[in-house]
Structure formats: structure tokens, C-alpha cells
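In: no sequence on this one, just coordinates:
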């Protein structure tokens, strides 16, 4: 399960249940649909601890933040899945935006690089 | 008619340090030129940084610079994405992005034309944005997007206020659509239509377009 382009890549590692996000994602609305589909495939596997590694995701536009926010909000009912986000303090957008994700899912785990 | 919303920009004089970009949105399909938004925003962020002292040995200064660069790149990209999405491409108004540097702040502003029928919806979102606690609105917008299965949530403007502590203001100027669409290089036809327009009664059914300017002020 992966989506790779010149600008960004999203890869799911089944052994560690980690989705690694890299690059610059500033897609236009519906272009995010394949990524939503990928997230839904991962959720269907019901990993007990799902990790999003965002440490090399240099930029994300507000449509991308909406996609992540919606996903995080949607898994609040899935009591068997714990979500961990690994972020980087060196990326301004993450310092600003990741704190909002905790408001959508209070038991979200955060790990800063 | 001009309408203003938000913390209206108090700068009476244009700064001597500025950069202005103009885009001709009808020259290629939106999807094809979508990448230009990010390219232009990153260029603007790199450009702005050159006005600040560059001292790699000062970690506090370097961090402040990185924050400003990140903020400008994010905000300029969001402004351009919105302008390109909502711009009325049949009008001859270009989309404009402007940066101005002042002693204690910078402003980023974007102008685009809108079909006037779409103005009330945008203005009602602006008043919601200005009158609701940002964190409450953030959660409400995400929930709404999830319930209605939307790719957009109005989060661009909201995150500028909530995450980047920016002050936002808007001006709406309505224009006669026909006038704005006259090709300027066809002088004779243009003046002919202008004459026809001037002969029409004031309360005619000519549809209008509105030029909206969104200005974002960031402290430095």
C-alpha cells in the first residue's frame, strides 16, 4: 500500500504498522481521494498501534490538514486502534497544526523529533 | 460599492519594500497550473527572508526566520489556492499577490474576481470566522467535513488566525461584469460598448462581478 509521486510519497509498512509521509503535499481537493482510500485500507487491517511518521512531510496545505483531521476524528470510535503521530519540531506547520489533532482525538499519542 | 470586513488594514502608505505578482488565470486549466501556487508561495517566502539578518550562529534568530518562512509559504499558498479556485476566469481581472514589508509587520494580500452571486456565502463565512472562537470553529469544520464527506473545510483562513496568529481583513468591490470583460486591445469595440453601457438605465439587469482582496498581516 503506497502512493509515490515526484513531490511526495506515502508508504505503509505492514511489519511496523507505520505510514511514512514524505515530501510536499499541496494537492487540489479531489486529488486527495486516493490517499483517503489508502488510509481506509490500512484501517481495515485493524492495527492495534498505527503510527503516522510525518517527520519528513515538509509542507501540507489546508486540504491535506482537513484529510488528516477527518481521519483522526473518524477513528475516535475505534477503541481497538491507538494512533501515534511522530512529528518534527523543525517543520513550522507541524508545530502549529499537530496540537489541533489532539483536540479531535484526546488519546492521540505524540512523539517529537 | 466597497465593503470591508475584519481588522481593516491601517497602513496608509505603501511600503517601499514590496513584491507584486500577477497571474493570468484563464491561460491554462486550473489543474495544470495548480503547482504554480506552491512554487510562487515558496519563492515569496525565500524572497522575504533576504530582508532579515542572517546569523546562523544565533539559534533564536535562525528559529524566528524559519518560522516566518514557514508561515509565509503556508499562508501565501493558501491565499493563492483560494484565489485560483474561486476566481471568475472569464473576467479580465488578473489574480494578484502582493507582499509588503513594514517596520514591525508584513502583509500578504491576494485579489481575485468573484461572480457577485457567490459573495453572500463568502461574507457569511467571514463573519462566522470573525465571531467564533477559532478552536471551536476548527473542530466544527472538521466534523462537518467528515459528516458531509467534503475535501474542503474552510480551514485555510482559519488556520492562519489560529495557528499563525495572523490578522485578516477583506475588501469587496463590485464592478460591472461587461465592462470588466471588454478586451482592452480592441479599442474601437471597447469604446462602442462603453457608449452602449453608458446609455443603459442605471437599474439594468447587467450582472456584476466583485473583486475581493484578502489581506493577511503577520507581526515580525
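Out: Done, it's in. Note that the coordinates shown come from a computational prediction; the quantities given were computed from them, not determined experimentally.
In: all helices of chain B, in order?
Out: B:35-49, B:59-86, B:119-131, B:134-148, B:155-164, B:177-181, B:187-199 (DSSP state H).
In: and the fourth one, what's buried?
Out: The neighbour-count criterion (16 or more other CB atoms under 10 Å in any protein chain shown) identifies B:137, B:138, B:141, B:142, B:145, B:146 as the buried residues of helix B:134-148. C-beta coordinates here come from the backbone N, C-alpha and C atoms, glycine included.
In: out of those, who's nearest residue B:126?
Out: Among the buried residues of helix B:134-148, residue B:137 lies closest to residue B:126 (CB to CB), at 12.0 Å.
In: what about the closest one, distance to residue A:100?
Out: Computed as CB to CB, to the nearest Å, the residue B:137 to residue A:100 distance reads 11 Å.
In: need phi/psi at the residue of chain B most remote from its centre.
Out: In terms of distance from the mean C-alpha position of chain B, residue B:57 ranks first, at 36.1 Å (CA atoms, centre = their mean). Note on residue B:57: its backbone torsions stand at phi -80, psi -10 [degrees, to the nearest 10].
In: list the residues that contact it.
Out: Residues near residue B:57 by CB atoms under 8 Å, 6 or more residues apart in numbering or on different chains: none.
In: secondary structure class for residue A:84?
Out: strand (DSSP: H, G, I helix; E, B strand; the rest coil).
In: burial count for residue B:54?
Out: 10 (other CB atoms under 10 Å in any protein chain shown).
In: how far away is the residue lying closest to it once chain neighbours are set aside from residue B:220?
Out: Spatial nearest neighbour of residue B:54, chain neighbours left out: residue B:65 (7.4 Å); criterion: CB to CB, 6 or more residues apart in numbering or on different chains. Note on residue B:65: its distance to residue B:220, by CB to CB, is 10 Å.
In: go on, residue B:172?
Out: In this view, residue B:172 and residue B:220 are 28 Å apart by CB to CB.
In: out of these two, which sits in the more crowded spot?
Out: Neighbour count, other CB under 10 Å: between residue B:172 and residue B:220, residue B:172 has more, with 19 against 14.
In: need the pLDDT of the more buried one.
Out: Looking at residue B:172, its pLDDT reads 95.
In: so which residue of chain B comes closest to chain A?
Out: Chain A sits closest to residue B:70 of chain B, with a gap of 2.7 Å, by CB to the nearest CB.
In: check contacts around the residue nearest the centre of chain B.
Out: Compute the mean C-alpha point of chain B, and by CA atoms, centre = their mean the closest residue is residue B:110, 2.9 Å away. Taking CB under 8 Å, 6+ apart, we find residue B:110 in contact with B:79, B:80, B:82, B:83, B:95, B:96, B:97, B:98, B:213, B:214.
In: bridged to the closest residue to residue B:5 other than its chain neighbours, which residues?
Out: Excluding the flanking residues, the one nearest residue B:5 by CB to CB, 6+ apart is residue B:170, at 4.4 Å. Taking DSSP bridges, one finds residue B:5, residue B:214 as the beta-bridge partners of residue B:170.
In: residue B:4 is in contact with residue B:170, correct?
Out: Yes: under the criterion of CB atoms under 8 Å, residue B:170 makes contact with residue B:4 at 6.8 Å.
In: which of these two has more residues huddled nearby?
Out: Taking other CB under 10 Å, residue B:170 and residue B:4 do not tie; residue B:170 has more neighbours (20 against 14).
In: ok, that one to residue B:38 distance?
Out: Residue B:170 sits at a distance of 23 Å from residue B:38 (criterion: CB to CB).
In: ok, now residue B:208?
Out: 32 Å.
In: out of the helices and strands in chain A, which is least certain?
Out: Of all helical and strand segments in chain A, the minimum by mean pLDDT, DSSP states H and E falls on helix A:92-104, at a mean of 88.
In: which one of the helices of chain B is the most hemmed in?
Out: helix B:155-164 (a mean of 22; mean count of other CB atoms under 10 Å in any protein chain shown).
In: report all helices and strands that it contacts.
Out: helix A:62-74, helix A:92-104, helix B:59-86, helix B:119-131, helix B:134-148, strand B:167-176, strand B:208-219 (3 or more CB pairs under 8 Å, 6 or more residues apart in numbering or on different chains; DSSP states H and E).
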